[in-house]
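Asker: here are the coordinates; sequence isn't available:
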C-alpha cells in the first residue's frame, strides 16, 4: 500500500470527527436491517445444527446494515439466525454510529443480546464484531454479566489493546484542542487510543473471562488498528489468526477484512462451529 494511502484513513477519521462536532442537531434515522434483508428476523428459531443466534457488532463509523452486507448473508445462508444492532449513536449524526462511550455501547449490546435470546429462546449467543465491535463486547463480557450469555466472541480486526493509528495518536499532545475534540464529540475514538482509561480497565487482570471462546482475525495490512499484533488476545480459549498465514495472497486491509473478505468469512464460520471446521486457504474465496 502506498504511503499516502496508509495515512488517508486515519486522517479521514479525524475529519469525520470534526464533521460530527459541527453537525447540525437533526434526528438520526434508524438503519437496522429488516427481515427482508435476510437477517434481524426475530421469528428465526436456531436449528440443532446451529443452536446459538449470532449477533453482529459493527465498528466505529459503521452501522447495523452497511458493515454486514457481506457477512450477514454468508452466515444466514449457512443456517444461522443472524442479528445486528446500531450502538453508540450520537445526537444529530445519522448512519455513522459506534461513536459514543464504550461503556455505554456495552450496555446497549447487553440489552440487544437479551432481546435476541428472548426472541429465539436460546440460552447463549455468539458475537462477531469488527474493529471496535470486536473489542467493545469484551467490556460486556467482563463487567456486565455477558459471559453467562455468550459462548464465543469472534473479533475481526478488533481494537483490543488500542491503536496508534500508524503513530498519529502520539501527535495529539502537539495539537492543542484535538484531544478534547475527540473526547467531547467522539468518545469512542478516544477510548480506543492506546493507554486510554477504558482499555486500561478492560485489559487489567487479563484479556479473557472464563467460559468464553475467543477468536481474533487480523491482517498484516491493517492501517487503522496498529500495530496489528495489538489486536491479539492472551489467555485460555484464545485463537489468534493472521489471515496471511492462511492465504499469503490476501491483501485485505482494515475495512476489507470485515466487509467482503471471504477468507475471513470462512474463518468466522469455523470459529462459530469448530466441530465442523474445514481448512481455510486461498480457495476459500469460492466458498
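Answerer: On my side now, so go ahead. Given the structure is predicted, the values throughout are model-derived calculations rather than measurements.
Asker: doesn't residue 241 fall inside a helix?
Answerer: No. If the criterion is DSSP: H, G, I helix; E, B strand; the rest coil, then residue 241 is strand and not within a helix.
Asker: just the buried residues of stretch 90-106, please?
Answerer: Neighbour counts over stretch 90-106 (16 or more other CB atoms under 10 Å) mark 90, 93, 96-103, 105-106 as buried. Glycine gets a C-beta too; all of them are placed from N, C-alpha and C.
Asker: low-confidence ranges, the chain, go.
Answerer: Scanning the chain for pLDDT under 70 picks out the ranges 1-37, 166-184.
Asker: ok, the closest residue to residue 123 other than its chain neighbours - contacts?
Answerer: Excluding the flanking residues, the one nearest residue 123 by CB to CB, 6 or more residues apart in numbering is residue 117, at 7.3 Å. Going by CB atoms under 8 Å, 6 or more residues apart in numbering, residue 117 touches 53, 123-125, 149.
Asker: do the same with residue 284
Answerer: By CB under 8 Å, 6+ apart, the residues touching residue 284 are 246-247, 262-263, 266.
Asker: now the residues you listed as TSV including distance to residue 142 and secondary structure?
Answerer: As requested, these are exported to TSV (distance: CB to CB, whole Å; DSSP: H, G, I helix; E, B strand; the rest coil):
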residue	distance to residue 142	secondary structure
246	29	helix
247	33	coil
262	31	helix
263	30	helix
266	29	helix
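Asker: for PyMOL, what selects the buried ones among these?
Answerer: Per 16+ other CB under 10 Å, the buried members of the contacts of residue 284 correspond to this PyMOL selection:
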select buried, resi 246+247+262+263+266
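Asker: now, which of the contacts of residue 284 sits nearest residue 253?
Answerer: Distance to residue 253, by CB to CB, is smallest for residue 263 among those, at 13.4 Å.
Asker: ok, now which ones touch that closest one?
Answerer: Going by CB under 8 Å, 6+ apart, residue 263 touches 243, 246-247, 250, 252, 280, 282, 284-285.
Asker: need phi/psi at residue 235.
Answerer: Dihedral pair for residue 235: phi 140, psi 170, per degrees, to the nearest 10.
Asker: ok, and the closest non-adjacent residue to it?
Answerer: In space, residue 235 is closest to residue 208, 3.5 Å off (CB to CB, 6+ apart).
Asker: distance of that neighbour from residue 44?
Answerer: Between residue 208 and residue 44 the computed distance is 29 Å (CB to CB, to the nearest Å).
Asker: and for residue 284?
Answerer: For residue 284, the distance to residue 44 - CB to CB - is 26 Å.
Asker: all strands for this protein, in order.
Answerer: Here the chain has its strands, by DSSP state E, at 54-57, 82-85, 125-130, 150-156, 213-218, 238-242.
Asker: how about these, which one is nearest residue 257?
Answerer: Closest to residue 257 of these is strand 150-156 (CB to CB; 5.8 Å).
Asker: the closest one - contacts with which helices or strands?
Answerer: Judged by 3 or more CB pairs under 8 Å, 6 or more residues apart in numbering; DSSP states H and E, strand 150-156 is in contact with strand 125-130, helix 132-143, strand 213-218, helix 262-272.
Asker: what's the second one packed up against?
Answerer: Right, helix 132-143. Using 3+ CB pairs under 8 Å, 6+ apart, helix 132-143 sits against strand 54-57, helix 102-120, strand 125-130, strand 150-156, helix 197-203.
Asker: repeat that with 6 Å
Answerer: helix 102-120, strand 150-156 (3 or more CB pairs under 6 Å, 6 or more residues apart in numbering; DSSP states H and E).
Asker: partner strands of the shortest one and their direction?
Answerer: Right, strand 150-156. Sheet pairing of strand 150-156 (DSSP bridges) gives strand 125-130 (parallel), strand 213-218 (parallel).
Asker: only the buried residues of it, if you could.
Answerer: Going by neighbour count (16+ other CB under 10 Å), the buried part of strand 150-156 is 150-156.
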